[in-house]
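>>> only the shape, not the letters, is given here:
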């Protein structure tokens with residue numbers, strides 16, 4: 001194995017490590033953006049109130065013959 005091939009292999013490995021680091025950084029940024037958007041979406045939803053137990057639920061029964 002010549003020195004030039006070793007140098008090329010090391011350069012390729014170094015470039016791959018840099019690309020991996022960039023990809024991880026971009027992934028983390030994307031996840032942070034998604035987390036912020038999801039939080040905003042959850043906050044924008046208004047809370048709904050449950051029907052009161054004293055309502056008309058269960059007071060009438062329809063019987064069909």
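Received, thanks. Here the structure is a predicted model, which is why all the values come from computation and not from measurement.

>>> where does this structure dip in pLDDT?
By pLDDT under 70, the low-scoring segments of the chain are 1, 3-4, 6-7, 46-58.

>>> contacts for stretch 28-41?
For stretch 28-41, contacts defined as Cβ atoms under 8 Å, 6 or more residues apart in numbering pick out no residues. Yep, even glycine has a C-beta here, placed from its N, CA and C like the rest.

>>> pull the distance from that stretch to the chain's centre.
Distance, stretch centre to chain centre, for stretch 28-41: 7 Å (Cα atoms, centre = their mean, to the nearest Å).

>>> would you list every one of the strands in this protein?
Using DSSP state E, the chain contains no strands.

>>> could I get the full set of helices for it?
3-44 (DSSP state H).

>>> what's the burial count for residue 17?
Per other Cβ atoms under 10 Å, the neighbour tally for residue 17 reads 10.

>>> from residue 40, how far out is it?
35 Å (Cβ to Cβ, to the nearest Å).

>>> same thing with residue 30?
Residue 30 sits 16 Å away from residue 40 when distances are taken as Cβ to Cβ.

>>> residue 29 too?
Residue 29 is 17 Å from residue 40, where distance means Cβ to Cβ.

>>> residue 33 too?
Plainly put, residue 33 is 11 Å away from residue 40 if you go by Cβ to Cβ.

>>> swap in residue 34?
Distance, residue 34 to residue 40, by Cβ to Cβ: 11 Å.

>>> cool, residue 13 as well?
According to Cβ to Cβ, residue 13 stands 41 Å off from residue 40.

>>> for residue 26, same thing?
As judged by Cβ to Cβ, residue 26 and residue 40 stand 21 Å apart.

>>> cool, and residue 20?
To residue 40, residue 20 is 31 Å away according to Cβ to Cβ.

>>> brilliant, that's me finished.
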